[in-house]
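Q: What would the 3D arrangement of this be:
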Amino acid sequence: MPIQATEKIWHNGKWIKWDDAKLHVLSHVVGYGSAVFEGIRCYETKQGPAIWRLREHMQRLINSARIYRMELPYSLDDFCSVAPNSCAKII
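A: Residues are numbered from 1 along each chain as shown. Okay, here's the model as predicted:
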């Protein structure tokens, strides 16, 4: 199943157009698979889209990066502050 494109995607600290998201061929993540991820669900509710336990998900992402010895330029609050402005409320 192909990945569904969206209008915007988070890239290096800002929202950019999906089609403008590019990754250099020599990026470490391409050659060595160095990446962390956290699956975060957004549910449709009567009040509009809502993200379930965003703070806990973002903390797990940060913890995964620490285990892998990745330095993140963003704090937990930085990560959490992006989502409410992008698409959904937090539940």
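
Q: Strands along this structure, start to end?
A: Taking DSSP state E to define them, one finds strands in the chain at 8-11, 14-17, 42-45, 48-51, 89-90.

Q: Longest helix in the chain, please.
A: Scanning the chain for the helix with the most residues, using DSSP state H, yields helix 54-67.

Q: buried residues in it?
A: L54, H57, M58, R60, L61, I62, A65 (16 or more other C-beta atoms under 10 Å). The way it works is simple: take the backbone N, C-alpha and C, and place the C-beta from them, glycine included.

Q: What helices and strands are in contact with it?
A: Helix 54-67 sits against helix 76-86, with contacts defined as 3 or more C-beta pairs under 8 Å, 6 or more residues apart in numbering; DSSP states H and E.

Q: what sits against the residue lying farthest from the centre of the chain?
A: Summary for the chain: using C-alpha atoms, centre = their mean, the residue whose C-alpha lies farthest from the chain's mean C-alpha position is K46, with a distance of 24.4 Å. Applying C-beta atoms under 8 Å, 6 or more residues apart in numbering, we find K46 in contact with no residue.

Q: Any idea which of the buried residues of helix 54-67 the model trusts least?
A: Among the buried residues of helix 54-67, L54 has the lowest pLDDT, at 89.
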